[in-house]
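*Asks:* could you work out the structure for the sequence below:
(one chain, ligands or ions: 1)
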Amino acid sequence: MRIALYQPEIAGNVGAILRLAACFSVPVDIIMPTGFAFSDSRLKRAAMDYGAAADVARHANFEAFDALRRSEGRRLILMSSHAAQRLPDVAFRPDDVLMMGSESAGVPDTVRDMADIRVRIPMAPGFRSLNIAVSTGIAVAEALRQTGKFPQ
Ligand SMILES: C[S@@+](CC[C@H](N)C(=O)[O-])C[C@H]1O[C@@H](n2cnc3c(N)ncnc32)[C@H](O)[C@@H]1O
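*Replies:* This next block holds a predicted model:
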């Protein structure tokens, strides 16, 4: 399992996701550009000292990330509040990449169309979306649960 962040914009969100990734031993792919500098104190504050333990790869653009993903034979699972398929109905594989869209715009249609599966976390009627770090935690937890990869 890997987490991929498509052009994330908010340092604190990425810090929280790096903390999550370290706690669950899930590597993170960050697709550039980001909306903040990696020296941003808000990233460090949210990641705490766990950030140094996170396995993070930065990719210059989506094409570079996707070429590597394909070479490794991983499925691209796009998390989107607009997707038709519900999280509880998806059968995850241990080598899937869970990709999160940017905070303001999600992902472009060209990227959306390349996903093997598009997945929605069901929400109560009338709500648009969850915070990106919260939705990453929900999706990763379900994928780890299904694949038996939660840490002991
Ligand atoms: C704040 S949301 C982005 C909202 C953006 N307007 C959009 O249309 O995608 C940031 C990211 O969190 C994830 N996300 C938020 N709510 C979600 C949900 N209910 N189901 C699946 N993913 C969700 C998606 O990856 C989304 O791109």
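
*Asks:* make it CA atoms for all contacts and neighbour counts henceforth
*Replies:* Fine.

*Asks:* run through who's touching the lowest-mean-pLDDT helix or strand in the chain.
*Replies:* Across the helices and strands of the chain, mean confidence by mean pLDDT, DSSP states H and E is lowest for helix 41-47: a mean of 93. Around helix 41-47, the neighbours that count as contacts under Cα atoms under 8 Å, 6 or more residues apart in numbering are 11, 12, 13, 14, 15, 16, 17, 18, 19, 51.

*Asks:* pull the CA atoms of the helix or strand just after that helix into PDB?
*Replies:* Using DSSP states H and E, the helix or strand that follows helix 41-47 in sequence is strand 56-59. The C-alpha trace of strand 56-59 is given here as PDB (Å, rounded to 0.1, in the frame of the first residue of the first chain):
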ATOM      1  CA  VAL A  56       8.500   9.900   1.400                       C
ATOM      2  CA  ALA A  57       9.300  10.100  -2.400                       C
ATOM      3  CA  ARG A  58       8.800  13.400  -4.300                       C
ATOM      4  CA  HIS A  59       8.000  13.300  -8.000                       C
END
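
*Asks:* what are the buried residues along strand 56-59?
*Replies:* 56, 59 (16 or more other Cα atoms under 10 Å).

*Asks:* which strands or helices does that strand pack on?
*Replies:* Counting contacts by 3 or more Cα pairs under 8 Å, 6 or more residues apart in numbering; DSSP states H and E, strand 56-59 is packed against strand 28-31.
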